[in-house]
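S.K.: compute the structure for the input listed below.
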Amino acid sequence: MTAQTDAVSAAPHDVIGLTDPQIADLIRLEQQRQEQTLELIASENHTSPAVMAASGSCLTNKYCEGYVGKRYYSGCQYYDDIEQIAIDRVTKLFGCKFANVQPHSGANANMAAFVATLKPGDTFSSIVLSGRAPDARLACEYLRYVVQPEHYPLVHDESREDFGHIDYDAVIEVCKKHKPKLLICGYSAYPRTIDFAKFREAADTCGAVLMADIAHIAGLVAAGVHPSPFPHCDIVTTTTHKTLRGPRGGLIMTNDEEIAKKIDRALFPGIQGGPLMHIVAAKAVAFGEALKPEFKTYSKQVVKNADALAKALMGLGYALTSRGTDNHLMVIDLRKTDAELTGKIAALWLEQAGIITSKSTIPQDDRSPFQTSGVRLGTPALTTRGLKEAEMKTVADLIHRVISSGGDETVLAKVRLDVQALCQRFPMPH
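M.R.: Residues are numbered from 1 along each chain as shown. As a prediction, this is how the structure comes out:
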C-alpha cells in the first residue's frame, strides 16, 4: 500500500502523526482520557463515528458564504445539497417551518436572534438562576452595549423548601412591569420540565418576542421526551451537541417567515462570514441519526438514567436543587453536605478520580461562579456508552466515595481504578 492509502485507512491521530507527531500524540492522549473516564458534564456527549468523519471531511476546504442557491463563490453545488438536507431534516425533527443551520455555536445563534429582534436601548428579560447573573450563554458581550437588561430574579418560591422551581406568576408580573421586547427561557442548570405555554402567556402580556434556548434539552425535545417549544415560542435556538449528540455548533429555528429572514440577515452577513460546511454536514448526519427510532430509545434512557442517579444520590444524603430531575441533569447543593466545600474543589476531586463534572451555581448562591456551591451532573454521555439504571447506582456510590473522603488521595486512586474498570465494561462508541 502507498503512504497515502495507509493514511486514509489509519486512525485520525495516526494520519496527523505523519506530519505532526506532537499534535497526534496529544489527540491520542485525549482519546485515552475520554475512554478511561466517566463523562458527567451535562453539556457534553460522545458523537457517532459518522458525525466525526463528516466533521473531518474534505468539505472543510470550501468557502460557501451565503445561503442555498445564493452563494458568493462558485463550486457550491454539493454544499447547497448538503445544507438543504440539513434544513429538511431538522425542520422535520423539531416540527418547525424554517431553520438556519449555519451558526458556529450556540452563542452565535443567540446573538443572531438578539440582532434580529432588538434595537439599542431595548429591554430583554431572562431568569437569574443564582441571584448573580443570567443563565449561561444568554449574557453575550453584545448585550452589554446594545440592550438594557432587566432580569427577573425569582426562580423559586420563598415559601417552599425545595429551591429551584420557576415561579411563572413572577415571570408574568415582571413582563407586565418592565414590558421587555424579548423574553428568554431555557437554561443550562434547570432540572425540571419547562412550561413553554406559561412563558407564552407571560410574553403576550406585553407583546414580547418569546425565545427559547433549548441547547441542553434539544435532543430530549427532538425525541419527544420533553415538551416542544413550538408552537409557543417565536424563536428557538440550540447547540447541536449535548443531548442532540451532534458536532459542536449552533442552530436557529422559527415558524415565522419574517423572523426567519431577519435572522438570516443577522447571521450572514451580520455576525458570521463563511459557514463551516464540514460541520453543517456533520449536523445533517446527526439530524438523520436523531430521526431514527433508536434515538428516541436513547433519549428515554437518558432521562431514566438521570432519575436513577438523582434518587441514588439523594438516598446517600445529598441535597439536589428542586429535589430531583425531570430531564438529563441535576445539581448537587454542597451546602447541605459540607458548608466549606466549593463546587470547584469537589469537581477537582472527582476529576482526579476519573469522574468528569462541572461546578455550578445554585439558587441563592453566595459564592462566585468561579467557586460555586454546587456540582452539575448529566447522563447523556454515560447513556451513549450504554450505562443504564443499575450502573447509575454504582456511579452515585463512586461520587459519594470521593466527596465523603474529603479529597483523600488514597481513596481517589482506588475510585479511579474502579472507574476504569467500569469504562472497560462500557467502551466508547466506535
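S.K.: now the one helix or strand Glu30 maps to: buried residues?
M.R.: Assigned by DSSP states H and E, Glu30 belongs to helix 21-36. Burial within helix 21-36, assessed by neighbour count using 16 or more other CB atoms under 10 Å, is assigned to Ala24, Ile27, Arg28. In short, each C-beta sits where N, CA and C put it, glycine included.
S.K.: so for whatever helix or strand comes next after it, mean pLDDT?
M.R.: Counting by DSSP H and E, the next helix or strand C-terminal to helix 21-36 is strand 38-39. Averaged across strand 38-39, pLDDT comes to 98.
S.K.: quick check: buried residues in the following helix or strand past strand 38-39?
M.R.: Using DSSP H and E, the helix or strand that directly follows strand 38-39 along the chain is helix 49-55. Buried positions in helix 49-55, judged by neighbour count with 16+ other CB under 10 Å: Val51, Met52, Ala54, Ser55.
S.K.: so which elements touch helix 49-55?
M.R.: Identification of packing neighbours for helix 49-55 by 3 or more CB pairs under 8 Å, 6 or more residues apart in numbering; DSSP states H and E yields helix 277-290.
S.K.: quick one: the helix it packs on to chain centroid distance?
M.R.: Helix 277-290 has its C-alpha centroid displaced from the chain centroid by 16 Å (CA atoms, centre = their mean, to the nearest Å).
S.K.: now the nearest residue to Ile23 once chain neighbours are set aside: how far from Arg28?
M.R.: In space, and not counting its chain neighbours, Ile23 is closest to Ile16: 5.7 Å by CB to CB, 6 or more residues apart in numbering. Separation of Ile16 from Arg28 (CB to CB, to the nearest Å): 9 Å.
S.K.: just to revisit the earlier point, contacts for the helix holding Glu30?
M.R.: Helix 21-36 is contacted by residues Pro12, His13, Asp14, Ile16, Gly17, His46, Gly354, Val419, Gln420, Cys423, Pro427, Met428 when judged by CB atoms under 8 Å, 6 or more residues apart in numbering.
S.K.: let's have the buried residues of helix 21-36 in CSV, adding distance to Pro369 and pLDDT.
M.R.: Below are the buried residues of helix 21-36 laid out as CSV (distance: CB to CB, whole Å; pLDDT from 0 to 100):
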residue, distance to Pro369, pLDDT
Ala24, 35, 92
Ile27, 30, 92
Arg28, 33, 94
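S.K.: can you tell me which of the residues you listed is nearest Glu201?
M.R.: Ile27 (49.3 Å; CB to CB).
S.K.: distance of that closest one relative to Ile279?
M.R.: Distance from Ile27 to Ile279, by CB to CB: 18 Å.
S.K.: sorry, back to before: state the pair within the buried residues of helix 49-55 that is farthest apart.
M.R.: It's Met52 and Ala54 that sit farthest apart of those, by CB to CB, at 7.4 Å.
S.K.: overlap of the contact sets of those two?
M.R.: Counting by CB under 8 Å, 6+ apart, the residues touching both Met52 and Ala54 are Pro247, Ala282.
S.K.: gap between the two ends of stretch 250-266?
M.R.: Start-to-end span of stretch 250-266 (CA to CA, to the nearest Å) is 14 Å.
S.K.: please read the previous query as pertaining to stretch 34-52.
M.R.: 15 Å.
S.K.: by residue count, what's the longest helix in this structure?
M.R.: Assignment by DSSP state H gives helix 293-315 as the longest helix of the chain.
S.K.: quick check: mean pLDDT across it?
M.R.: For helix 293-315, mean pLDDT rounds to 98.
S.K.: quick check: which ranges of this protein have low pLDDT?
M.R.: Within the chain, the stretches with pLDDT under 70 are 1-13, 127-163.
S.K.: follow-up on the earlier one: what's in contact with the longest helix of the chain?
M.R.: 191, 219-220, 222-225, 243, 245, 289, 320, 323-330, 332, 377-380, 382-384, 387-389, 392-393, 395-397, 399-400.
S.K.: so what's Ile263 up against?
M.R.: By CB under 8 Å, 6+ apart, the residues touching Ile263 are Asn100, Ala112, Ala113, Ala116, Ile235, Ile252, Thr254.
S.K.: pull the most distant pair out of these.
M.R.: Ala112 and Thr254 (11.3 Å).
S.K.: roughly how far is the longest helix of the chain from the heart of the chain?
M.R.: Between the centre of helix 293-315 and the centre of its chain there are 16 Å (CA atoms, centre = their mean).
S.K.: three-state assignment of Met211?
M.R.: strand (DSSP: H, G, I helix; E, B strand; the rest coil).
S.K.: excluding chain neighbours, what is closest to it?
M.R.: Counting by CB to CB, 6+ apart, Ile235 is the residue found nearest to Met211 once chain neighbours are left out, at 4.3 Å.
S.K.: so what pairs up with the one you found in the strands?
M.R.: Met211, Thr254 (DSSP bridges).
S.K.: and it, how far from Ala113?
M.R.: If you measure Ile235 against Ala113 using CB to CB, the figure is 5 Å.
S.K.: who touches both of these two?
M.R.: What both Ile235 and Ala113 touch, as defined by CB under 8 Å, 6+ apart, is the set Met211, Ile252, Ile263.
S.K.: now do the contacts for Thr37.
M.R.: Counted by CB under 8 Å, 6+ apart, Thr37 has contacts Gly354, Ile355, Ile356, Val419, Cys423.
S.K.: also Phe199?
M.R.: By CB under 8 Å, 6+ apart, the residues touching Phe199 are Tyr168, Val171, Leu183, Cys185, Leu210, Ala212, His232, Cys233.
S.K.: one more: Ser43?
M.R.: Going by CB under 8 Å, 6+ apart, Ser43 touches Ser188, Ala215, His216, Thr239, His241, Lys242, Ser358, Gly378.
S.K.: now do the phi/psi pair for the third one.
M.R.: Main-chain torsions, His216, degrees, to the nearest 10: phi -80, psi -40.
S.K.: go on, the fifth one?
M.R.: His241 adopts backbone torsions of phi -100, psi -140, taken as degrees, to the nearest 10.
S.K.: contacting residues around it?
M.R.: Ser43, Glu44, Asn45, Thr47, Pro247, Arg248, Gly249.
S.K.: again, only using 6 Å
M.R.: Asn45, Arg248 (CB atoms under 6 Å, 6 or more residues apart in numbering).
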